[in-house]
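J.: when you get a sec, could you give me coordinates for this:
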Amino acid sequence: MLSNHSKTSEYQDKVPGNTSGHGEGKILSPMLLAVLAWRYWSRRAVFALPAALFALGIMLSRGQENTAPPPSAPEPRRVRQPVAEYFTVFTPQSSGRQKIEQRVNPFLAYTHLGTDFGFIGTSAGLESIEWEGDVVCATLPAGEWGGMWHSLEGMGDDPDQTLDFSSCYPSFILPKYQPHIVGYEMRSRGKGLLKLELKSAKQETLFSKVFNVDSPDMRTYMEPLEPEKYKSTKYFNWVAESGADVCIDSLSFIVQAPAISFDEYVFLASYAKLARCFSTKTFYVRDRAHIRDGYFDNVPSSGLFALSTAIALRMGMVDDKFARELVNHINDNVSKLETAQGLLPHFVKRRDDGQYSIHPGTEFSMVDTSIYYHAMLLAAEMLNDQPLLAKLTGAVNAIALNKGFINSNGFLIQGIREDRVTQLPGVWRDWGGETALVLAMANMTANPPPLKMDNSGKINEGTGFIADVQSLFYPDFDSTAPDAISAMNWMEIRQTMLNRQKAYFPKNAPDSKAAKDGFYGLSAGESRRGLGYMVSGVDLLNQDILHPHYLLMSASLEKSPDDVYAVIRKMEAQQLFPPWGMAELFTKDVNEYLPMLSSLNAGFECIGAYHLYAKHGAIKDAVYEASRSNPYLRKGVSAFYPGAATSVVESKTGNPLSVR
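T.: Model prediction:
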């Protein structure tokens with residue numbers, strides 16, 4: 001699972017036009033690179049002038065990393081979006097090759113686009129495909145062929161979902177904000193003929209090129225594409241021909257980003273990541289983009305997507321009709337679900353009869369119900385949708401938390417098992433944002449129970465997101481006044497957490513890339529290679545994995561938003577923030593990362609990116625204005641701040657207002 005930075009730096013001076021070093025190639029001037037590309041490829045009759053000019057275009061774009069315009073200036077750029085790097089399939093052996101059937105897990109095997117992949121070829125050709133560490137290799141007998149297909153949109157067996165290279169974000173994002181695919185890269189080594197293909201859902205060949213690979217070292221092959229020629233593309237394939245002995249490291253697209261400011265782009269890419277998890281067929285959000293519709297859908301993520309779409313409407317990225325229909329359709333879906341005394345299921349699955357119910361083995365969750373309703377109330381308030389607000393407030397009122405949801409020590413339980421009777425053993429006691437959201441929702445109900453939480457002000461294990469998740473929805477926790485439940489200064493604790501997060505790697509691993517580049521984010525999320533869930537934090541020793549969602553969740557605390565954008569640019573340069581959205585995790589030395597498109601963290605990133613955008617532009621924060629305007633959200637937060645502002649303050653600053 002090595003990053004391309006570590007795998008390719010030694011070849012930067014060998015293959016002009018190599019763009020997979022993510023900025024390391026800046027030691028060559030763009031003009032020199034173009035000249036070298038022409039000299040190199042013309043001798044080999046592979047790309048010649050088109051590749052040289054294309055390489056020059058990429059390097060001119062990448063040269064902006066040194067003299068980047070302010071985040072508020074329009075900034076057309078070319079960036080790299082991996083389609084597949086073959087490290088997401090399994091934990092590789094230390095040496096030797098592994099057969100496909102040994103370790104390929106369909107739940108973990110996915111592309112960087114949030115789609116699936118598979119294998120093609122003759123029987124003997126398929127048998128020849130093996131993994132060698134983090135690359136896939138094929139040694140083809142005479143007369144045989146074998147390779148891999150990669151779906152570019154949706155699952156490979158869904159012919160209705162295809163990718164438009166001229167507008168490669170979901171179609172409901174308006175044209176001004178659509179990126180374009182303008183080229184591709186392949187990294188390979190070995191000897192023999194290797195063919196790349198773009199195909200339609202009907203297996204029509206839209207593009208085909210054969211490369212004569214002849215190098216013991218990994219080399220990058222690249223070529224421009226005309227996006228208007230590929231309006232409905234389904235598959236990106238590679239095929240090793242008869243007699244070939246080759247290894248493929250990665251396939252990537254070169255993407256022309258829309259000519260918008262970088263602060264807009266950070267929100268846009270975060271929204272597009274979340275949108276990849278959304279199904280226009282079911283109007284649910286999948287837990288992960290690469291899971292089939294209806295198999296494992298996420299209720300709180302669906303609420304977060306509704307709120308993110310209301311924000312996207314304010315930013316001009318989607319139209320009014322789409323936003324209103326989406327928010328109402330999501331609530332129509334969720335309102336039909338069976339609940340446990342008003343608590344919603346965390347995950348749902350489509351049954352054989354087409355209806356949705358709680359996913360087997362999961363729970364009716366207190367905090368996930370709270371996240372859903374907080375997000376939906378804000379979305380409805382931003383849209384001024386009074387009928388929807390009435391439905392939502394009615395549903396919140398009906399949550400019967402005063403009936404058996406309090407344990408013997410006075411704390412709210414975490415939820416109910418799928419039998420709708422058995423209580424989960426945990427309670428919401430720990431100090432932090434998740435408990436705050438639960439208590440705020442409880443205070444909105446018709447009969448609020450007594451509200452109680454730990455009053456230590458200590459964030460469990462120093463886990464990043466716990467300090468700031470409540471501030472995605474409420475500006476009130478920016479107050480320095482003690483709250484009414486725990487008597488803590490939330491702003492001081494959050495700021496201390498941010499400072500500790502930023503200091504962790506410089507203090508504990510000063511030679512790491514995280515320390516040198518200013519990366520931080522000890523939080524919670526998927527574990528290495530996506531094999532389970534993990535919790536990290538600044539109170540733990542020897543931490544190695546960062547979850548960068550915290551960077552955006554805490555971003556509005558920064559005095560200088562430009563400092564946050566500078567860190568995100570460094571992430572982009574190292575392929576940790578490609579056009580399809582922020583990596584789920586990466587290691588402190590950036591020698592491993594997980595490209596999974598996970599919807600819950602994508603939702604947190606999206607809303608955090610908006611708060612950062614509003615602060616950077618010194619504009620009114622529409623989410624916080626909605627939070628101040630909605631009487632139910634005011635009732636919720638009044639549990640912590642009884643004197644919370646109840647009217648919109650006419651302020652032209654994007655800074656959250658202190659509680660009055």
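J.: wait, Tyr110 touches Tyr86, no?
T.: No - taking CB atoms under 8 Å as the definition, Tyr110 is not a contact partner of Tyr86, at 11.4 Å. Every residue, glycine included, has its C-beta placed from N, CA and C.
J.: quick one: Gly303 and Met376 touch, right?
T.: Yes - counting by CB under 8 Å, Gly303 does reach Met376; the two are 5.0 Å apart.
J.: overlap in contacts, those two.
T.: Common neighbours of Gly303 and Met376 are listed as Ile330 (criterion: CB atoms under 8 Å, 6 or more residues apart in numbering).
J.: what segments of the stretch 351-500 of the chain are helices?
T.: Assigned by DSSP state H, counting those that start in this stretch, the helices in the stretch 351-500 of the chain fall at 366-383, 386-397, 433-444, 464-468, 490-508.
J.: as TSV, these with mean pLDDT, distance to Met596 and mean neighbour count would be great.
T.: As requested, the helices of the stretch 351-500 of the chain are exported to TSV (pLDDT from 0 to 100; distance: least, CB to CB, whole Å; neighbours: other CB atoms under 10 Å):
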stretch	mean pLDDT	distance to Met596	mean neighbour count
helix 366-383	98	19	27
helix 386-397	97	31	16
helix 433-444	98	22	25
helix 464-468	97	17	27
helix 490-508	98	22	18
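J.: do you know which of those helices lies nearest Arg286?
T.: helix 366-383 (15.1 Å; CB to CB).
J.: follow-up on the earlier one: closest to Lys336 out of the helices of the stretch 351-500 of the chain?
T.: helix 386-397 (11.5 Å).
J.: which strands or helices does the closest one pack on?
T.: helix 320-335, helix 366-383, helix 433-444, helix 631-637 (3 or more CB pairs under 8 Å, 6 or more residues apart in numbering; DSSP states H and E).
J.: now with 6 Å?
T.: Contacts defined by 3 or more CB pairs under 6 Å, 6 or more residues apart in numbering; DSSP states H and E place helix 386-397 against helix 366-383.
J.: any idea of the angle the helix it packs on forms with helix 386-397?
T.: Put simply, helix 366-383 runs at 160 degrees to helix 386-397, going by axes from the mean of the first three to the mean of the last three CA atoms, to 10 degrees.
J.: tell me what helix 366-383 is packed against?
T.: Packing partners of helix 366-383 (3+ CB pairs under 6 Å, 6+ apart): helix 299-314, helix 386-397, helix 433-444, helix 622-629.
J.: recalculate using a threshold of 7 Å.
T.: When contacts are defined as 3 or more CB pairs under 7 Å, 6 or more residues apart in numbering; DSSP states H and E, helix 366-383 sits against helix 299-314, helix 320-335, helix 386-397, helix 433-444, helix 622-629.
J.: nearest to Asp589, of those helices?
T.: Closest among the helices and strands packed on helix 366-383, using CB to CB: helix 433-444, at 29.6 Å.
J.: and the angle for the closest one with helix 366-383?
T.: 70 degrees.
J.: identify the residues contacting Leu268.
T.: The contact partners of Leu268, by CB atoms under 7 Å, 6 or more residues apart in numbering, come to Tyr177, Met317.
J.: part of a helix, is it?
T.: Yes - per DSSP: H, G, I helix; E, B strand; the rest coil, Leu268 lies within a helix segment.
J.: and it, how far from Ser123?
T.: Remark: distance between Leu268 and Ser123 (CB to CB, to the nearest Å) = 45 Å.
J.: with Leu424 instead?
T.: Leu424 is 50 Å from Ser123, by CB to CB.
J.: over to Ile248?
T.: 21 Å.
J.: who has more neighbours, the two?
T.: The neighbour comparison of Ile248 against Ser123 (other CB atoms under 10 Å) goes to Ile248, with 25 against 9.
J.: kindly state the beta-bridge partners for Val79.
T.: Beta-bridge pairing for Val79 (DSSP bridges): Val255.
J.: what about it, neighbour count?
T.: 23.
J.: then Ala614?
T.: By other CB under 10 Å, the residues close to Ala614 number 27.
J.: and for Val285?
T.: Neighbours of Val285 using other CB under 10 Å come to 28.
J.: what sits against it?
T.: Cys277, Phe278, Asp297, Asn298, Ser301, Ser302, Phe305, Ser599.
J.: same check, this time on Gly433
T.: Ile466, Ala467, Asp468, Val469, Gln470.
J.: and if we set it to 10 Å?
T.: Gly433 makes contact with 367, 459, 465-474, 477, 490, 494, 553, according to CB atoms under 10 Å, 6 or more residues apart in numbering.
J.: and Ala566, by the same measure?
T.: With CB under 10 Å, 6+ apart, Ala566 has these contacts: Ala68, Pro71, Phe262, Asp517, Gly518, Ser560.
J.: of the contacts of Val285, which pair is most distant in space?
T.: Asp297 and Phe305 (11.2 Å).
J.: identify the contacts common to those two.
T.: What both Asp297 and Phe305 touch, as defined by CB under 10 Å, 6+ apart, is the set Cys277, Phe278, Phe283, Tyr284, Val285, Ser599.
J.: leaving out sequence neighbours, find the closest residue to the fourth one.
T.: Think Tyr284. Leaving aside its chain neighbours, Tyr284 sits nearest to Asp297 (4.0 Å; criterion: CB to CB, 6 or more residues apart in numbering).
J.: surely the one you found meets Lys281?
T.: No - using CB atoms under 10 Å, Asp297 makes no contact with Lys281, being 11.5 Å away.
J.: picking up where we left off before, adding secondary structure and pLDDT, write the contacts of Ala566 out as a markdown table.
T.: Output for these, formatted as a markdown table (DSSP: H, G, I helix; E, B strand; the rest coil; pLDDT from 0 to 100):
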| residue | secondary structure | pLDDT |
| --- | --- | --- |
| Ala68 | coil | 59 |
| Pro71 | coil | 70 |
| Phe262 | helix | 97 |
| Asp517 | helix | 98 |
| Gly518 | coil | 98 |
| Ser560 | coil | 95 |
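J.: just the buried members of those residues?
T.: Ala68, Pro71, Phe262, Asp517, Gly518 (16 or more other CB atoms under 10 Å).
J.: low-scoring stretches of this protein, by residue?
T.: Along the chain, the parts satisfying pLDDT under 70 run over 1-70, 88-108, 644-660.
J.: one more pass at 90, please.
T.: 1-77, 86-109, 131-134, 401-404, 408, 528-532, 643-660 (pLDDT under 90).
J.: ok, Ser232 to Ile607 distance?
T.: For Ser232, the distance to Ile607 - CB to CB - is 33 Å.
J.: more neighbours: which of the two?
T.: The neighbour comparison of Ser232 against Ile607 (other CB under 10 Å) goes to Ile607, with 27 against 15.
J.: circling back to that earlier point, just put the buried ones among the contacts of Ala566 in JSON lines and tack on distance to Leu343.
T.: Below are the buried ones among the contacts of Ala566 laid out as JSON lines (distance: CB to CB, whole Å):
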{"residue": "Ala68", "distance to Leu343": "47"}
{"residue": "Pro71", "distance to Leu343": "41"}
{"residue": "Phe262", "distance to Leu343": "41"}
{"residue": "Asp517", "distance to Leu343": "42"}
{"residue": "Gly518", "distance to Leu343": "41"}
